[in-house]
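Participant: Have a look at this prediction, sequence included:
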Amino acid sequence: MDEIKIQELDDFIFRISQQRRYSQYTVRNYRQAIIDWIVWLKQTGYANSDFMRVEKRTARAYVAELSTKYSHSTIHNRISAIRSFYKFLIQTQLLDADPFSLVKLPKLKKDLPIFLTESAMPSLLSAPRDAGEEETISPEDAMRDALCIELLYGAGLRVSELCNMKWRDVDFTTNTAKILGKGSKVRFCPFGEKAGEVFKQWRDEFAHSKDIDVHAITLKNGKPIYPRFVQRMIKKYLIQSGLATNITPHKLRHSFATHLVNNGIDLRSLQEMLGHASLSTTQIYTHLSTKKLIEEHRKNHPRARI
């Protein structure tokens, strides 16, 4: 790659990381997908190794190449990154069209999200306090960990949103948090009375600082919590509670959404709470609700079984 093309990629990475606030994980994956695409062009000699001169047949050839190596979901993720890059080039008037725009991708199997049942959630929610009472962890750790789980489940936050929350974002009069989510979109997330009580107790007893510009949830050294810490912490409490260890912070978000749908929430309201750009993304949770209805019918109706 020459300097201009490197600069274009750097400009794109700056856009999604600093202006649109994509997570570090997403930025890393986007960058790698684009670099792999450009390297492939150089290795094959397609489009004279220039990603600015690619035709659709070359884009189709690349998708075919990926299909021999990766799962359908990985292919979609990689092409999504590349399409975002070309969209950026079009927006900055460096290109007129995206060569991947009409390229067909392998069909995705729509797996239903994994989540904890409503009956299982109390065990996880109480696990940090149980550990604190047993004095296996400090009172500060117990309160911080309890708050993290309360907010992930009670407000449906992404783990990055939880880690980035500052005191200025929290309104205790309404028990809501102002969240800057994907694409720099702001939304207001209710977190409920129970989470509000835990949050206030954390603020009053353990917060290292209450300055509005300081992160609300911190480690003992005063530094903000980070995604890997939250992931490890939740796994520890899942083991302690005898629950499935494949539940991640994001699956607590799935639990939040699924339980709201099961209790009759309006999908548009749920879309706003989750910060989904498209209602179709939110509608996956209606499939979970339908699945539950079918299971209940088969379990309870006298004519459902032979």
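Facilitator: Thanks, I have the structure now. Numbering: from 1, shown residues only.
Participant: any weak-confidence spans in the stretch 1-150 of the chain?
Facilitator: With pLDDT under 70 as the threshold, the stretch 1-150 of the chain has low-confidence stretches at 1-5, 109-112.
Participant: Try it again at 90.
Facilitator: 1-7, 17-26, 46-49, 73, 102, 106-118 (pLDDT under 90).
Participant: where along it do the helices fall?
Facilitator: Shown for the stretch 1-150 of the chain, the helices assigned by DSSP state H, counting those that start in this stretch span residues 3-14, 24-44, 56-67, 72-91, 121-133, 139-154.
Participant: okay, those helices in JSON lines with distance to Q231 and mean neighbour count next?
Facilitator: No exception for glycine: its C-beta is placed from N, CA and C like everyone else's. Below are the helices of the stretch 1-150 of the chain laid out as JSON lines (distance: least, Cβ to Cβ, whole Å; neighbours: other Cβ atoms under 10 Å):
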{"stretch": "helix 3-14", "distance to Q231": "24", "mean neighbour count": "14"}
{"stretch": "helix 24-44", "distance to Q231": "11", "mean neighbour count": "16"}
{"stretch": "helix 56-67", "distance to Q231": "28", "mean neighbour count": "16"}
{"stretch": "helix 72-91", "distance to Q231": "20", "mean neighbour count": "17"}
{"stretch": "helix 121-133", "distance to Q231": "14", "mean neighbour count": "18"}
{"stretch": "helix 139-154", "distance to Q231": "11", "mean neighbour count": "22"}
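Participant: quick one, which of the ones you listed is nearest to G242?
Facilitator: Nearest to G242 among those is helix 121-133; the distance by Cβ to Cβ comes to 7.5 Å.
Participant: related to what we said a few turns ago, distance to C189 added to the helices of the stretch 1-150 of the chain, as a markdown table?
Facilitator: Supplementary listing: the helices of the stretch 1-150 of the chain in a markdown table, determined by distance: least, Cβ to Cβ, whole Å:
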| stretch | distance to C189 |
| --- | --- |
| helix 3-14 | 28 |
| helix 24-44 | 20 |
| helix 56-67 | 37 |
| helix 72-91 | 26 |
| helix 121-133 | 18 |
| helix 139-154 | 9 |
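Participant: Of those, which is nearest L162?
Facilitator: helix 139-154 (5.7 Å).
Participant: Residues touching that closest one, excluding its own?
Facilitator: When contacts are defined by Cβ atoms under 8 Å, 6 or more residues apart in numbering, helix 139-154 is touched by residues 121, 124-125, 127-129, 131-133, 137, 157, 159, 162, 165, 177, 191-192, 194-195, 198-199, 201-202, 205-206, 217-220, 225, 230, 233-234, 237, 249, 252-253, 255-256.
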